[in-house]
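Undergrad: Structure of the sequence below:
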Amino acid sequence: MTGIVLLTAVLVVALLASVAIGTRQLGLGEVIDALQAGGWPHLALTHFHGVPWVVLESPTAPPGADDVYGIVWDLRFPRTVLGLVVGLAIGAAGALAQGHTRNPLADPGMLGVNAGAACAVVVGVYVLGIQSPIAYMAFGLLGALIAASAVFGLSALSGASPLTLVLAGTGLSALLLAITSGIVLTDSVTLDAWRFWNVGATTGRGLDVFSASLPFIVVGLILALGSGYFLNVLSLGEDMTKALGSRVVLIRSVGILTITLLIGAATAACGPIVFLGLVVPHISRAIVGPDYRWIVPYSALLGAILILVCDILGRVIARPGEIQVGVVLALVGAPFLIALVRRRKLVSV
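TA: Presented below is the predicted three-dimensional model:
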């Protein structure tokens, strides 16, 4: 519990730093004054292709508001809270993916969720001409749900074992990637839109994207935090799991649904952010051991901290421009993956 408290404190510091640090440095007092100046975000009704949609909007700027107010509320606050929930989602989903596949090199993308989201966004741009981040969010989440359902359905035909989950996810990802590549290579407009979304970034997204992804991520986190005991049972092997009275197929079904909600919403909101779901479960396991009742919450908190810190680094090292958080995370995660593969004895999950 002490570790959870410490990580939460570090996360609060990272949140404040994310709002204060950027191309223009802001003091903590300026940030607090801007946050208090115009109230708080409010719900608003909008329409997405004729469908009513409730989103969160930034507060209206008060008379005489300065540039600091616009920087905080229009630019940094949305990307900070989005980075928070996306980091929580990807970190928790990474722990679940490694637990359900019993593979220390497993990543949520192995289950086809990232490929499904990307393919759906590309099809949406090519066929319907979608352009807004909220539209990317809707299509990405739909594609992730369809892909995960297809992976689990194919795997269930062979008993829904960890091996068949990975094989089905890898095969479907290859198929979806081929479809995506075929479309973007034949249509320049779709290619431009896909490149912007596919890099993995929190910038350019408003509170509407945050509010659209939040319900799915909250439900996914609740399911993830409650799955630690069942992951511990699964780690004993399928025969022992059945002997203890647990239903393997039901546990894996709920697990795949949870991963889909978390990664589907996160990928749809920010694009595919690689390596985060691979790295943080190993860091968590090094701290708390093999107990998934602790690995999952630690992974969620570490995921949020890491994505916020990498987002800050991307702004600092490339001033006056910035490097997208997906690129920075890849630079951090790739050496970790190489070191993990080179080890003669991988961590057992």
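Undergrad: isn't Ile259 right up against Met110?
TA: No - the criterion here is C-beta atoms under 8 Å, and Ile259 misses it with Met110 at 10.1 Å. Using the backbone N, CA and C atoms, a C-beta is placed for each residue, glycine as well.
Undergrad: any residues in contact with both of those two?
TA: Residues touching both Ile259 and Met110 (C-beta atoms under 8 Å, 6 or more residues apart in numbering): Ala97.
Undergrad: what's around Leu250, how many residues?
TA: Leu250: 10 surrounding residues under other C-beta atoms under 10 Å.
Undergrad: In the helix or strand hosting it, which residues are buried?
TA: Under the criterion of DSSP states H and E, Leu250 resides in helix 248-270. Of the residues in helix 248-270, 248, 251-252, 254-270 count as buried by neighbour count, 16 or more other C-beta atoms under 10 Å.
Undergrad: what's the next helix or strand after it packed up against?
TA: Downstream of helix 248-270, the next assigned helix or strand under DSSP H and E is helix 276-288. The contact analysis (3 or more C-beta pairs under 8 Å, 6 or more residues apart in numbering; DSSP states H and E) places helix 276-288 against helix 77-101, helix 292-316, helix 325-342.
Undergrad: Recalculate using a threshold of 10 Å.
TA: Applying 3 or more C-beta pairs under 10 Å, 6 or more residues apart in numbering; DSSP states H and E, we find helix 276-288 packed against helix 2-20, helix 77-101, helix 248-270, helix 292-316, helix 325-342.
Undergrad: orientation of the helix or strand following the second one relative to helix 276-288 in degrees?
TA: Next helix or strand after helix 77-101 toward the C-terminus (DSSP H and E): helix 113-123. Relative orientation of helix 113-123 versus helix 276-288 (axes from the mean of the first three to the mean of the last three C-alpha atoms, to 10 degrees): 160 degrees.
Undergrad: quick one: helix 113-123 to helix 77-101, angle?
TA: Going by the same axes, to 10 degrees, helix 113-123 makes 130 degrees with helix 77-101.
Undergrad: Please point out which parts of whichever helix or strand comes after helix 113-123 sit buried.
TA: The C-terminal neighbour of helix 113-123 among helices and strands, as given by DSSP H and E, is helix 133-156. Under the neighbour-count criterion of 16+ other C-beta under 10 Å, helix 133-156 has 133-148, 150-152, 154-156 buried.
Undergrad: same deal with stretch 210-230?
TA: By 16+ other C-beta under 10 Å, the buried positions in stretch 210-230 come out as 210-214, 216-217, 220-221, 223-224, 227-228, 230.
Undergrad: Leaving aside the residues adjacent along the chain, what's closest to Cys119?
TA: Leu176 (4.3 Å; C-beta to C-beta, 6 or more residues apart in numbering).
Undergrad: before we move on, which element is the one you found in?
TA: Leu176 is part of helix 162-184 when elements are defined by DSSP H and E.
Undergrad: Which secondary structure elements does that helix sit against?
TA: helix 77-101, helix 113-123, helix 133-156, helix 188-198, helix 248-270.
Undergrad: let's see 7 Å
TA: Contacts defined by 3 or more C-beta pairs under 7 Å, 6 or more residues apart in numbering; DSSP states H and E place helix 162-184 against helix 77-101, helix 113-123, helix 133-156, helix 188-198.
Undergrad: Format those helices as a markdown table; extra columns: distance to Ala286 and mean pLDDT.
TA: Formatted as a markdown table, the helices and strands packed on helix 162-184 follow (distance: least, C-beta to C-beta, whole Å; pLDDT from 0 to 100):
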| stretch | distance to Ala286 | mean pLDDT |
| --- | --- | --- |
| helix 77-101 | 13 | 92 |
| helix 113-123 | 26 | 87 |
| helix 133-156 | 29 | 81 |
| helix 188-198 | 31 | 77 |
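Undergrad: So for Ala300, which of the ones you listed sits nearest?
TA: For the helices and strands packed on helix 162-184, the distance to Ala300 is smallest for helix 77-101, at 4.2 Å, taking C-beta to C-beta.
Undergrad: Give me the phi and psi angles of Arg319.
TA: Main-chain torsions, Arg319, degrees, to the nearest 10: phi -60, psi 140.
Undergrad: Leaving out the residues flanking it, which one is nearest to it?
TA: Closest to Arg319 by C-beta to C-beta, 6+ apart is Thr23, at 5.8 Å.
Undergrad: what helix or strand is the one you found on?
TA: Counting by DSSP H and E, Thr23 is found in no helix or strand.
Undergrad: Angles on the backbone of it, please.
TA: Per-residue torsions, Thr23: phi -60, psi -40 (degrees, to the nearest 10).
Undergrad: Could I get the contacting residues of it?
TA: Residues near Thr23 by C-beta atoms under 7 Å, 6 or more residues apart in numbering: 315, 319-320.
Undergrad: for the stretch 201-349 of the chain, which spans come out with low pLDDT?
TA: Scanning the stretch 201-349 of the chain for pLDDT under 70 picks out the ranges 236-246, 340-341, 343-349.
Undergrad: Recalculate using a threshold of 90.
TA: 201-215, 227-257, 260-261, 263-265, 267-279, 282-283, 285-287, 289-291, 314-349 (pLDDT under 90).
Undergrad: can you count the residues close to Thr180?
TA: Thr180, neighbours per other C-beta under 10 Å, totals 22.
Undergrad: From Leu231, how far off is it?
TA: Per C-beta to C-beta, to the nearest Å, Thr180 is found 32 Å from Leu231.
Undergrad: Same question for Gly206.
TA: If you measure Gly206 against Leu231 using C-beta to C-beta, the figure is 35 Å.
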